[in-house]
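Chemist: Just to be clear, the model below is a prediction. Sequence and coordinates:
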Amino acid sequence: MLVRTLRAEKFRNLQRVSLSFSARVNVLLGPNGQGKTNLLEALYLIAGFRSFRGAKTRELIAQDGEAARLVAEVEADGVERAVELTLRPKGKAYLVDGKAPGSLADWVGRLVMVTFSPDDLFLVKGEPDIRRRWLDRVIFLLDPEHLRFVMQYTKALKTRNALLKDGMFGRDMLLLDAFDATLAKCGAKVRAARARWIAELSLLVDRELSALTGGVHHAKLADDSEVGAADEAAYLATLVQRREDDVKRRLTSWGVHHDDLEVTISERVARRFASQGEQRALTLAMKLAETELVRERRKVAPVLLLDDVTGELDAVRNQFLFRELERHEGQVFVACTELPARLAEAGFSGTIFDVDAGEIRERK
Ligand SMILES: Nc1ncnc2c1ncn2[C@@H]1O[C@H](COP(=O)(O)OP(=O)(O)OP(=O)(O)O)[C@@H](O)[C@H]1O
Ligand SMILES: [Mg+2]
């Protein structure tokens with residue numbers, strides 16, 4: 001897994017940059033507000049994911065531009081590929097080796113990337129959809145089919161909700177049949193995949209948290225889903241049973257779109273009871289577990305994107321990020337405001353890029 005080159009035009013504050021990267025460590029160095037995270041975000045989009053900052057496409061385009069373009073040469077799953085992404089206010093378009101993938105699911109998961117960002121904290125503190133998306137994203141990297149089911153489910157749910165909202169069904173609830181069939185088929189698949197991988201992730205998160213806190217804390221991820229272990233038939237039966245209610249409430253009131261992950265630290269629900277330091281350790285453990293799971297299952301070293309590793313305040317986080325960095329065999333991108341001493345020490349093999357007001361220069 002490797003990003004060899006990247007060209008960005010009119011992407012946030014990056015007006016025009018053209019870069020070749022090291023296969024090992026790439027340090028993005030510069031004061032606040034210069035474009036370091038923007039570059040990490042661009043790399044992440046190349047892999048087919050949404051912005052890890054939750055940005056809308058329109059926000060990614062330079063304020064003075066109409067479209068942004070990212071062009072990259074990557075090595076993904078042993079194959080050299082040319083990836084091109086055009087961002088317009090109305091949406092994104094990918095080209096992989098000059099051709100539009102049939103579905104985004106044909107591209108997502110080929111180039112494996114894992115991010116570490118200060119925003120990860122929302123994994124513990126934030127709304128259920130943040131945890132759901134994290135979990136799904138981890139699963140995409142391990143099982144590309146999962147993305148297809150999530151996409152089909154989301155599309156059917158959106159249309160069903162739009163029709164319910166407009167009161168289109170009236171008494172003829174049979175019109176819901178086609179949507180319910182899709183929701184049941186995909187919903188049951190999504191549910192089964194989530195349940196399976198939550199169990200695996202839970203063990204790994206516990207191991208990482210225990211290491212991070214010197215054995216003081218234990219973590220558990222548990223399934224929090226109203227759907228339970230429903231197979232396709234049971235799923236459909238519940239949807240049909242709730243139809244009348246859905247028509248009244250004008251939305252789809254039940255399903256895997258309400259799934260959550262219950263994260264506990266030493267038997268307490270982290271979202272409500274964990275201290276700030278505990279939340280930080282827990283989120284880091286979740287991300288380290290993600291990296292570990294990908295390594296074990298895919299037998300590849302993911303590309304790591306580490307944002308903001310200077311923060312003096314967060315010594316534990318940094319210590320573990322550096323441990324990760326030192327043992328990692330693949331490519332790494334690190335954004336920081338000062339060159340960390342540990343990085344400058346012996347054994348550093350990589351490239352430093354100075355980031356200054358949207359201009360990025362390789363230090364020779
Ligand atoms: N669509 C856009 N058009 C133009 N500029 C943008 C756009 N989106 C963000 N910016 C600007 O890009 C600048 C750099 O942002 P970025 O988040 O990459 O900074 P950074 O180098 O990571 O800083 P920090 O060290 O504070 O995290 C910000 O000043 C921001 O206002
Ligand atoms: Mg930043």
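Modeler: Cool, got the structure. Ligands and ions are numbered 1, 2, ... in the order given.
Chemist: Please count neighbours and contacts with C-alpha atoms only from this point.
Modeler: OK.
Chemist: Please write out the alpha-carbon positions of stretch 349-356 in PDB.
Modeler: Provided in PDB are the C-alpha atoms of stretch 349-356 (Å, rounded to 0.1, in the frame of the first residue of the first chain):
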ATOM      1  CA  SER A 349      14.100   7.300   6.900                       C
ATOM      2  CA  GLY A 350      11.800   9.600   5.200                       C
ATOM      3  CA  THR A 351      11.100  13.000   3.700                       C
ATOM      4  CA  ILE A 352      10.200  16.300   5.300                       C
ATOM      5  CA  PHE A 353       7.700  18.600   3.600                       C
ATOM      6  CA  ASP A 354       7.400  22.200   4.600                       C
ATOM      7  CA  VAL A 355       3.800  23.400   4.500                       C
ATOM      8  CA  ASP A 356       3.300  27.200   4.200                       C
END
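Chemist: residue of the stretch 51-200 of the chain with the smallest distance to ligand 1?
Modeler: Ranked by CA to the nearest ligand atom, the top residue of the stretch 51-200 of the chain for proximity to ligand 1 is Ala62, at 3.4 Å.
Chemist: tell me the contacts of that residue?
Modeler: 10-15, 68 (CA atoms under 8 Å, 6 or more residues apart in numbering).
Chemist: any idea how far it is from Asn13?
Modeler: Note on Ala62: its distance to Asn13, by CA to CA, to the nearest Å, is 6 Å.
Chemist: again with Pro302
Modeler: Distance, Pro302 to Asn13, by CA to CA: 27 Å.
Chemist: Mind checking which of those two has more residues around it?
Modeler: Counted by other CA atoms under 10 Å, Pro302 and Asn13 do not tie: Pro302 has more neighbours, with 24 against 21.
Chemist: circling back to that earlier point, so which of the contacts of Ala62 is the most crowded?
Modeler: Phe11 (28 neighbours).
Chemist: Return the set of residues that bridge with that residue.
Modeler: Taking DSSP bridges as the rule, Phe11 bridges to Leu14, Ile61.
Chemist: Also Val114?
Modeler: Beta bridges link Val114 to Leu304 when assigned by DSSP bridges.
Chemist: what do you get for Arg268?
Modeler: Note on Arg268: beta-bridge partners by DSSP bridges are Ile265.
Chemist: Next one: it from Val294, what distance?
Modeler: Per CA to CA, Arg268 is found 28 Å from Val294.
Chemist: more neighbours, the two?
Modeler: Neighbour count, other CA under 10 Å: between Arg268 and Val294, Val294 has more, with 21 against 15.
Chemist: Look up how far Val216 lies from that one.
Modeler: Distance from Val294 to Val216, by CA to CA: 26 Å.
Chemist: same thing with Pro302?
Modeler: Taking CA to CA, one finds Pro302 at 29 Å from Val216.
Chemist: Near the closest residue to Leu104 other than its chain neighbours, how many other residues are there?
Modeler: In space, and not counting its chain neighbours, Leu104 is closest to Gly48: 7.2 Å by CA to CA, 6 or more residues apart in numbering. Gly48 has 21 neighbours, counted by other CA under 10 Å.
Chemist: Brilliant, that's me finished.
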